[in-house]
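A.B. asks: sequence first, predicted coordinates after that:
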Amino acid sequence: MTTNNPATATASTADTASAASAASSAAAPASAAAPASAAAPATASTTAPAGAAVGTSAGTSAGTPARQPVTVIGLGQMGSALAAAFLDAGHPTTVFNRSPGKAAPLVARGAVLAAGVAEAVAASELVVVCVLDYPAVRALLDPVAAELRGRVLVNLTSGSPEQARAEAEWAAGHGIGYLDGGVMTTPPGVGDSANMILYAGGPELLAAHRPTLAALGDPVDLGADAGLASLYDAGLLGLMWSVFGGWLHATALVGADGVPAEEFTAVAVRWLRTVSWFLTSYADQIDAGEYPGDDATIDIQVAAVGHLLHAGEERGIDGRLPRLHLAMMREAVAAGHGGDSYARIIESFRK
């Protein structure tokens, strides 16, 4: 389950037909872009010759260990980035897309284009799928469930925790190893070890294939519940949008007095390091269910938001976002929790 959500542009978009959605999964902007695929004429999408071994490529120098073959199904922006990262790491890579023209740049770099899904699945023990949604995954793979038996399916398609768990049950019923995942970056960030790829559903499968999957980014194991990668993905995207909203509001505020966004952002990024310390401290309070106001109470935060609203009103800045925060703080104060830490506000979200 990749981050195929519009704003993350979460991470994984791939098309199963001619659609090429560009949604991203994730998360922070990539620190290093994946090398661009070499261009190839649209007519150069080549299938494997009859009798050729699909997914095994010549290729390792003498004395160099052979890399694990991988199949990638779905070549939207994210799927293409995944396949390119495997190629960059030296893995023999078989690809399939219903619109075969999208495979041309990858074929020009050494990938093998399978003529069909069954051929693509047969090429590798490790099969990565990244398409539009979970129904598309099932439509593609249900007819080849027998061919997938005994192989490991890594689903980096975006969806809900419930869909991920249902897919894991389907896979188990057919003797297929299953990992659900979330790509926490946009396509240019795939292949950068600074970016996380979340995996859930089979810790032993991730351990066995970690060296290969590390070609895509840093593998993060979330445990045996296949729904957790999707759940984390959704939560982290919500966090990202909230950070974006706060930063954009603040940038508009200081920009009204002539401060360039770049200049303000340098200070804001430093401030976020301090904020991350608060998150760690508040997480302990949330798990304990106790919210001591040892650092700054909600009462103090209410006064501070008032200053923010006043500064915004004087500069014509929209105050809907800080007013939302203020409303939740006042709710906590009215319930007698004004002396607690800001972490107490989680109880408002839990209603």
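C.D. replies: Nice, I can see it.
A.B. asks: next, find the distance separating the nearest residue to Ala89 once chain neighbours are set aside from Gly191.
C.D. replies: Nearest residue to Ala89 in three dimensions, chain neighbours excluded: Ala215, at 3.7 Å (CB to CB, 6 or more residues apart in numbering). All C-beta spots, glycine's among them, are computed from the backbone N, C-alpha and C. Taking CB to CB, to the nearest Å as the measure, Ala215 falls 7 Å from Gly191.
A.B. asks: cool, and Ala84?
C.D. replies: For Ala84, the distance to Gly191 - CB to CB - is 7 Å.
A.B. asks: what does Phe264 give?
C.D. replies: 31 Å.
A.B. asks: comparing these two, which shows the higher neighbour count?
C.D. replies: Taking other CB atoms under 10 Å, Phe264 and Gly191 do not tie; Gly191 has more neighbours (25 against 16).
A.B. asks: is it true that the more buried one lies in a strand?
C.D. replies: No. Applying DSSP: H, G, I helix; E, B strand; the rest coil, one finds Gly191 to be coil, outside a strand.
A.B. asks: quick one: residues contacting the nearest residue to it once chain neighbours are set aside.
C.D. replies: Once flanking residues are discounted, Gly191 sits nearest to Ala85: 3.7 Å by CB to CB, 6+ apart. By CB atoms under 8 Å, 6 or more residues apart in numbering, the contact list for Ala85 reads Ala34, Val190, Gly191, Ala215, Leu216.
A.B. asks: which of those tops the neighbour count?
C.D. replies: Counting neighbours by other CB under 10 Å, Val190 comes out on top of those with 32 neighbours.
A.B. asks: wait, isn't it in contact with Ser80?
C.D. replies: No. Counting by CB atoms under 8 Å, Val190 does not reach Ser80; the two are 9.3 Å apart.
A.B. asks: three-state assignment of Glu262?
C.D. replies: Following three-state DSSP, we place Glu262 in the helix state.
A.B. asks: I'd guess Ser276 is in a helix, am I close?
C.D. replies: Yes. Assessed with three-state DSSP, Ser276 lies in a helix.
A.B. asks: report how many residues lie close to it.
C.D. replies: Neighbours of Ser276 (other CB under 10 Å): 10.
A.B. asks: and the gap between it and Leu239?
C.D. replies: 11 Å.
A.B. asks: then Asp294?
C.D. replies: Asp294 is 24 Å from Leu239, by CB to CB.
A.B. asks: who has more neighbours, these two?
C.D. replies: The neighbour comparison of Asp294 against Leu239 (other CB under 10 Å) goes to Leu239, with 12 against 9.
A.B. asks: name the element that one belongs to?
C.D. replies: Here Leu239 sits within helix 228-255, counting by DSSP states H and E.
A.B. asks: buried residues in that helix?
C.D. replies: Neighbour counts over helix 228-255 (16 or more other CB atoms under 10 Å) mark 228-234, 236-237, 240, 246-247, 249-251, 253-255 as buried.
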